[in-house]
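Q: Next input, structure requested:
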Amino acid sequence: MSTEYFVDQNSIVRKIWGKSDIILFIFAGASAEFALNKAVDWLYFTGRLPADPMGRLFSTVTYARSIVFSEKQAALKTIDVMSAIHAKVEANRGASIPDWAYRDVLFMLIDYSIRAFEVLERKMNSGEKNEVFRVFNRVGERMGLKGLPTNFEAWQQMRHEHLKENLHYSKYTADLFRQYRKHVGIIRYSILLEAQTLVVPERVNYLLGFRKFSLLQPVVGMYKLSRLVKADAVLRAAILPPKYKKEIEALDA
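A: Residues are numbered from 1 along each chain as shown. A predicted model of the protein is given here:
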């Protein structure tokens, strides 16, 4: 009897979430958009994100990869654990996280998976984009999220509306970017901003006052070539905090 996985072994989603550089670009974009989300105060309620943004990143990556690479039942258990954690936070605060906030996070995983892959690899075809949507939409369905889109085209429309309605620059935005700078250092923070500029949607770019052109754009081609001669690990080590070296190396499946 063959093993059933939550994500097919040949899925483009496994290719995306099996490469550390793509994952880091996903979370570069997500970290920018998280800071603008109108529900970001929920992350401040637990205190984990501002206290340790890199630790929070790797914690989130662990959950996502557990879902993507696990057998179906193990993946479903991971999703249920995520739901239980959020339920506990809601109980402690005595309020419910808005449905749209849950959808925003799910939509970010879909969007930045596609954007990061296309920045570092190639353009995706419609079938591959639909596969990314289906995988993460199933995560949302398992979590019992309401108002999920039924197909990729509906998701695109909802994503556009969410970007328009659910983001704004606030005191949390400014503070989170201060925390990013504090935890990664000035040089790496500058690189983070360029990575964010390269991958975020136009609406996020506008609200954060980024340039339309990232200085990393011409570097990406060089980086792709470096992977052919196995020099990419050296480049990653140069731009990422040394204390997270083992975690970053472990991201490559």
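Q: show me where pLDDT drops low in the stretch 101-250 of the chain?
A: For the stretch 101-250 of the chain, residues meeting the criterion pLDDT under 70 lie at 226-245, 248.
Q: where exactly do the strands run in it?
A: Taking DSSP state E, counting those that start in this stretch, the stretch 101-250 of the chain contains no strands at all.
Q: quick one, helices of it?
A: Under the criterion DSSP state H, counting those that start in this stretch, the stretch 101-250 of the chain contains helices at 126-142, 152-165, 171-184, 186-199, 202-208, 217-228, 232-239, 245-249.
Q: nearest to Val61, of the ones you listed?
A: Among these, the nearest to Val61 by C-beta to C-beta is helix 245-249 (8.2 Å). Placement of C-beta: from N, CA and C, glycine included.
Q: nearest to Phe25, of the helices of the stretch 101-250 of the chain?
A: Closest approach to Phe25 among the helices of the stretch 101-250 of the chain (C-beta to C-beta): helix 186-199, 5.5 Å.
Q: So which elements touch that closest one?
A: On a contact count with 3 or more C-beta pairs under 8 Å, 6 or more residues apart in numbering; DSSP states H and E, helix 186-199 meets helix 20-36, helix 99-120, helix 171-184.
Q: repeat that with 6 Å
A: Helix 186-199 sits against helix 20-36, helix 99-120, with contacts defined as 3 or more C-beta pairs under 6 Å, 6 or more residues apart in numbering; DSSP states H and E.
Q: Which one, of those, ends up nearest to Arg56?
A: helix 20-36 (9.2 Å).
Q: circling back: just so I know, which of the helices of the stretch 101-250 of the chain lies nearest Ser20?
A: Closest of these to Ser20 is helix 245-249, at 5.5 Å (criterion: C-beta to C-beta).
Q: hang on, Arg203 packs against His162?
A: No: counting by C-beta atoms under 6 Å, Arg203 does not reach His162; the two are 9.5 Å apart.
Q: Between these two, tell me which one has more neighbours.
A: It is His162, of Arg203 and His162, that has more neighbours when counted by other C-beta atoms under 10 Å, with 20 against 15.
Q: Quick one: residues contacting that one.
A: Neighbouring residues of His162 by C-beta atoms under 6 Å, 6 or more residues apart in numbering: Asp104, Phe107.
Q: And it, how far from Ala116?
A: His162 sits at a distance of 19 Å from Ala116 (criterion: C-beta to C-beta, to the nearest Å).
Q: What of Ala195?
A: Noted for Ala195: a distance of 9 Å to Ala116, by C-beta to C-beta.
Q: With Ala91 instead?
A: Where Ala116 is concerned, Ala91 sits at a distance of 34 Å (C-beta to C-beta).
Q: So which of those two has more stuff around it?
A: The neighbour count for Ala91 versus Ala116, taken as other C-beta under 10 Å, is higher for Ala116 (25 against 10).
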